[in-house]
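*Asks:* Here is my input, please return the structure:
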Amino acid sequence: MGDFLQVSTATETRDQAVELAASAVRERLAAGAQVVGPVTSVFWHLGKFGTGEEWRLLLTTRAERYQALEDHLLRHHPWDNPEVSAVPVVAGSEASFRWIETNTTSEAAS
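*Replies:* Modelled structure (predicted):
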């Protein structure tokens, strides 16, 4: 079951998160995405401590699609150096995994 990942990033606005999610899913780099927020973030940035409101973007994909998804997120993200990270999905329903597999294949029917 280590073939699937949940990838996350954040944006300043809901619209930015939805746009980023839609472009990744349209290109079949992720099977689906969820936009969660607003959330409060606490962080260090450019040597300064801060807090801010962000919109969390969670995407599901296959491990072999990760690099292409990361490249896409970095290229289309509104921030210069966004956090992009992934964690393995260690368990889930067979139907969910089939759905991810089917919808992250470029030959999948639209």
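*Asks:* who does the lengthiest helix in the chain touch, helix- and strand-wise?
*Replies:* For the chain, the longest helix by residue count, based on DSSP state H, is helix 14-26. Judged by 3 or more Cβ pairs under 8 Å, 6 or more residues apart in numbering; DSSP states H and E, helix 14-26 is in contact with strand 4-11, strand 32-45, strand 48-62, helix 66-76. In this view, the C-beta of every residue, glycine as well, is placed from N, C-alpha and C.
*Asks:* how many neighbours does the closest residue to residue 85 other than its chain neighbours have?
*Replies:* In this structure, residue 85 finds its nearest non-sequential neighbour in residue 8, 5.8 Å apart by Cβ to Cβ, 6 or more residues apart in numbering. By other Cβ atoms under 10 Å, 18 other residues sit near residue 8.
*Asks:* cool, residue 94 as well?
*Replies:* 8.
*Asks:* any low-confidence regions in this protein?
*Replies:* The model of the chain has pLDDT under 70 over residues 1-2, 107-110.
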